[in-house]
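Enquirer: here is my input; please provide its structure:
(one chain, ligands or ions: 2)
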Amino acid sequence: MEAIWIYQFRLIVIGDSTVGKSCLLRRFTDGKFNDVSDPTVGVDFFARLVEIEPGKRIKLQLWDTAGQERFRSITRSYYRNSVGGLLVFDITNRRSFEHVRDWLEEAKMHVQPYRIIFLLVGHKSDLATQRKVSKEEAEKLAAVSGMKYIETSAKDSMNVEESFTILTREIYELLKKGNISIQEGWEGVKSGVVPNVVHSSEEAVQPGRRCFC
Ligand SMILES: Nc1nc2c(ncn2[C@@H]2O[C@H](COP(=O)(O)OP(=O)(O)O)[C@@H](O)[C@H]2O)c(=O)[nH]1
Ligand SMILES: [Mg+2]
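Expert: Ligands and ions are numbered 1, 2, ... in the order given. The predicted structure follows:
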């Protein structure tokens, strides 16, 4: 029977407050953008399927950092249980770019013994006239830190799809090569679900069995 999704990847989105993390996630999962975005409260959770190869889908479990970003108190388990993430800064906010190294340090400190693959995202590309960080400078930082770089806009829906797809593909390739593997007790990557063969009418109505992807 064909699997609904072959793998589930858990990804996080980090970066300074107001850089646009929640809007990026909302655009990707919901296709919507609001000019007024409330500060995230608690841990926000999104999900979406991505087709990586024809007929092969990966379920992305996406975690939004919520409020804590100001206080650098994001929990260890949040990093440890993610296989990848978007590290977002705002191209019109120089400070948010200067903090990219701090975010990487923080992630490195918390993620051990696992590894986490980041994509550097220069967000709000629709505001290029107010740009405070050049593309070359961001590309350079990404290269020395072992990341790819992409510029996105949730407002214009520019490269939103691509950013998540690039990261997903990169993780998928590492998984295929055996550089990342599924591990017991780790939420970063899980193998896919195959629809249940329903044996009885009782099982058919059991709500816990339903797939919510
Ligand atoms: N111009 C522009 N504004 C954006 C974009 N994405 C988010 N914003 C705005 O930036 C502010 C903060 O967004 P939010 O997603 O809450 O940031 P977060 O704190 O990183 O989650 C809000 O006023 C958004 O409307 C974008 O792509 N372009
Ligand atoms: Mg937010």
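Enquirer: point out where the protein drops to low pLDDT.
Expert: 1-3, 36-43, 67-74, 193-213 (pLDDT under 70).
Enquirer: ligand 1 contacts on this protein?
Expert: 17-23, 35, 37, 40, 123-124, 126-127, 153-155 (C-beta under 6 Å from any ligand atom). From N, CA and C alone the C-beta is placed, and that goes for glycine too.
Enquirer: from these, which ones fall inside strands?
Expert: Per DSSP state E, strands hold the following members of those: residue 123.
Enquirer: among the residues of the chain next to ligand 1, which ones are buried?
Expert: The neighbour-count test (16 or more other C-beta atoms under 10 Å) marks 19-23, 40, 123-124, 126-127, 153-155 as buried among the residues of the chain next to ligand 1.
Enquirer: in this protein, which spans are helices?
Expert: When assigned using DSSP state H, the helices of the chain occupy the ranges 21-30, 76-80, 94-98, 100-111, 135-144, 160-177, 201-204.
Enquirer: elements contacting the third one?
Expert: Helix 94-98 makes packing contacts with strand 84-90, helix 135-144 when contacts are defined by 3 or more C-beta pairs under 8 Å, 6 or more residues apart in numbering; DSSP states H and E.
Enquirer: ok, which of the ones you listed comes nearest ligand 2?
Expert: strand 84-90 (10.0 Å; C-beta to the ion).
Enquirer: who does the closest one pair up with?
Expert: With DSSP bridges as the test, strand 84-90 is paired with strand 5-14 (parallel), strand 117-123 (parallel).
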